[in-house]
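J.: give the three-dimensional model of this entry:
(one chain, ligands or ions: 1)
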Amino acid sequence: MTENAHADLVVIGGGMVGLAVAYEAASRGLRVTVIERDRVAAGAGHAAAGMLAPASEAEACDQALTDFALESCQRYPEFVARVERDSGLGCGYRKEGSLLVALNRDHAEELDRLAAFQRRFGLHVEMLSAAEILEREPAVSSKAVGGLFAPDDRQVDPRRLQKALVAGIRHRGGAIVQHARVTSVDTAGDRVTGVTFTRAGEQHETNAETVVLAAGAWIAGLPVAAARSLPMRPIKGQILRLRGQPIVSHVLRTPDVYIVPRESGELVVGATAEDLGFDERRTAGAAFELLREAFRLLPGIAELDVSEHTVGFRPALRDALPAIGPLGPRGLFAATGHYRHGVMLSPATAMLLADWIVDGTLSPLLAPFDPSRFALTASPVRGGMR
Ligand code: GLY
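T.: Reported below is the predicted structural model:
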């Protein structure tokens with residue numbers, strides 16, 4: 001038996017980007033359905049640390065991506081406030097900024113290189129002496145030789161944000177379907193007409209004029225020819241969570257590790273970047289390296305409880321830039337390929353895509369992320385695969 005339903009917009013993929021797109025569209029009055037193959041909020045966003053850090057990540061970006069990241073970070077406070085209001089749930093948005101610490105001369109040289117990228121992209125950072133770092137964060141290793149302070153970097157707790165987005169979507173009348181397998185994105189002529197999926201052995205159809213593919217690294221597995229044109233691969237990230245009394249308040253980084261503190265005292269320590277396909281192994285070597293580098297930066301972690309070792313898969317396109325915009329038949333859009341930056345880029349992705357879908361307004365900020373760019377050229381691999 002086939003059950004029919006109607007929506008204005010179907011989002012395929014209930015991760016960070018898909019939920020943000022669905023929430024934003026629902027906020028603008030669209031009837032939204034999210035279809036997720038697994039549980040919602042279980043993808044890359046579940047593993048992610050939640051750094052909103054265009055300055056710290058500058059070296060892995062280019063000007064277009066940095067401009068988009070700045071736009072997204074500027075939109076974050078209003079987005080989070082709205083999601084918190086609609087859901088009644090906090091998202092752990094914090095404003096302390098990042099401290100980028102050099103523990104030796106190699107690190108100092110790497111931070112000099114990073115500072116050059118930051119200057120080129122017009123990002124604000126301050127040089128700090130070792131004494132100034134320790135003044136701000138006394139628990140940092142006394143081996144610190146200097147560093148940078150990025151006062152405009154922010155963080156959010158991606159797990160709390162995704163939970164709040166789910167509640168916000170429901171609050172705005174949206175539907176969320178989990179454990180569902182999409183069997184086709186349906187078309188008539190050159191237009192999308194809806195999505196057919198199976199769930200618990202039953203077939204369902206949701207009619208919709210607009211469908212957004214936001215299945216992250218899993219997009220190539222969707223039964224949609226246009227999605228297979230995207231040169232997508234998963235980049236595995238292993239990440240640890242430690243628990244104890246709060247010992248720092250800033251996001252801390254060296255060129256080898258990042259440590260993101262939550263209000264609860266949890267520290268998120270990340271992350272590997274491994275080009276191994278969907279390899280779910282949590283390896284001793286990765287845990288060892290992450291803990292070694294975190295201990296070098298923050299010796300006090302030795303006393304903390306190791307509460308989690310998680311694997312996530314970042315969706316990386318060949319040029320390490322996202323794909324946001326039309327893809328294939330009219331009404332079909334992609335919002336994927338956010339690679340290391342899905343959490344940071346979610347508000348701008350959701351809002352600019354909603355401007356496009358709802359109002360027909362196309363922001364020039366999205367032009368570099370046209371999903372059809374792969375059909376036109378064989379782009380070279382760009383930097384940023386770390
Ligand atoms: N944005 C940090 C990471 O992907 O590890």
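J.: quick one, helices of this protein?
T.: 16-27, 44-47, 63-87, 105-120, 130-136, 158-171, 225-228, 284-297, 342-354, 373-376 (DSSP state H).
J.: most packed of those?
T.: Highest mean neighbour count among the helices of the chain (mean count of other C-beta atoms under 10 Å): helix 16-27, with a mean of 29. In short, each C-beta sits where N, CA and C put it, glycine included.
J.: quick one: distance of that one to the chain centre.
T.: Helix 16-27 sits 13 Å away from the centroid of its parent chain (C-alpha atoms, centre = their mean, to the nearest Å).
J.: so residue 30 is in contact with residue 6, correct?
T.: No: Residue 30 lies out of contact with residue 6 (C-beta atoms under 8 Å); the separation is 11.7 Å.
J.: for those two, indicate the residue with more neighbours.
T.: The neighbour comparison of residue 30 against residue 6 (other C-beta atoms under 10 Å) goes to residue 30, with 20 against 11.
J.: just send the helices of the chain back as a markdown table, with mean pLDDT too.
T.: Shown next, in a markdown table, are these (pLDDT from 0 to 100):
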| stretch | mean pLDDT |
| --- | --- |
| helix 16-27 | 98 |
| helix 44-47 | 96 |
| helix 63-87 | 97 |
| helix 105-120 | 92 |
| helix 130-136 | 97 |
| helix 158-171 | 98 |
| helix 225-228 | 90 |
| helix 284-297 | 98 |
| helix 342-354 | 98 |
| helix 373-376 | 80 |
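J.: the residue of the stretch 51-200 of the chain found nearest the ligand: how many residues sit nearby?
T.: Relative to the ligand, the nearest point of the stretch 51-200 of the chain is residue 51 (5.7 Å; C-beta to the nearest ligand atom). Number of residues near residue 51 (other C-beta under 10 Å) recorded here: 24.
J.: what are the phi and psi values at residue 282?
T.: With angles defined as degrees, to the nearest 10, residue 282 shows backbone torsions of phi -100, psi 110.
J.: and the helices of the chain: which comes nearest residue 192?
T.: Of all the helices of the chain, the one in closest proximity to residue 192, counting by C-beta to C-beta, is helix 225-228 (10.5 Å).
J.: helices and strands around that closest one, which ones?
T.: strand 332-336 (3 or more C-beta pairs under 8 Å, 6 or more residues apart in numbering; DSSP states H and E).
J.: outside of the strand it packs on, which residues touch it?
T.: Contact with strand 332-336 is made by 13, 17-18, 21, 185, 192, 210-216, 219, 224, 226-227, 230, 232, 315, 317, 322-327, 349-350, 353, 356-357, 371, as judged by C-beta atoms under 8 Å, 6 or more residues apart in numbering.
J.: in that strand, what counts as buried?
T.: In terms of neighbour count (16 or more other C-beta atoms under 10 Å), strand 332-336 has its buried residues at 332-336.
J.: how far does it sit from the chain's center?
T.: 15 Å.
J.: and it, which strands flank it?
T.: According to DSSP bridges, strand 332-336 forms sheet pairs with strand 210-213 (parallel), strand 323-326 (antiparallel).
J.: dump the ones you listed to CSV, plus distance to residue 296, mean pLDDT and mean neighbour count.
T.: Shown next, in CSV, are those (distance: least, C-beta to C-beta, whole Å; pLDDT from 0 to 100; neighbours: other C-beta atoms under 10 Å):
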stretch, distance to residue 296, mean pLDDT, mean neighbour count
strand 210-213, 41, 98, 28
strand 323-326, 37, 97, 24
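J.: export those to a markdown table and tack on distance to residue 102?
T.: As requested, the strands paired with strand 332-336 are exported to a markdown table (distance: least, C-beta to C-beta, whole Å):
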| stretch | distance to residue 102 |
| --- | --- |
| strand 210-213 | 41 |
| strand 323-326 | 35 |
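J.: check which residues of stretch 190-204 are buried.
T.: 192-197, 204.
J.: could you show which parts of this protein are in contact with the ligand?
T.: 51, 237, 270-271, 314, 340 (C-beta under 6 Å from any ligand atom).
J.: and residue 9, how close does it get to residue 370?
T.: As judged by C-beta to C-beta, to the nearest Å, residue 9 and residue 370 stand 20 Å apart.
J.: look at those two and report which has more neighbours.
T.: When neighbours are counted by other C-beta under 10 Å, residue 9 and residue 370 differ, and residue 9 comes out ahead with 26 against 17.
J.: which strand residues bridge the more buried one?
T.: Beta-bridge partners of residue 9, as defined by DSSP bridges: residue 32, residue 210.
J.: which ones are touching it?
T.: Contacts of residue 9 by C-beta under 8 Å, 6+ apart are 22, 25, 30-33, 208, 210-212, 357.
J.: okay, how far is it across stretch 250-262, tip to tip?
T.: 9 Å (C-alpha to C-alpha, to the nearest Å).
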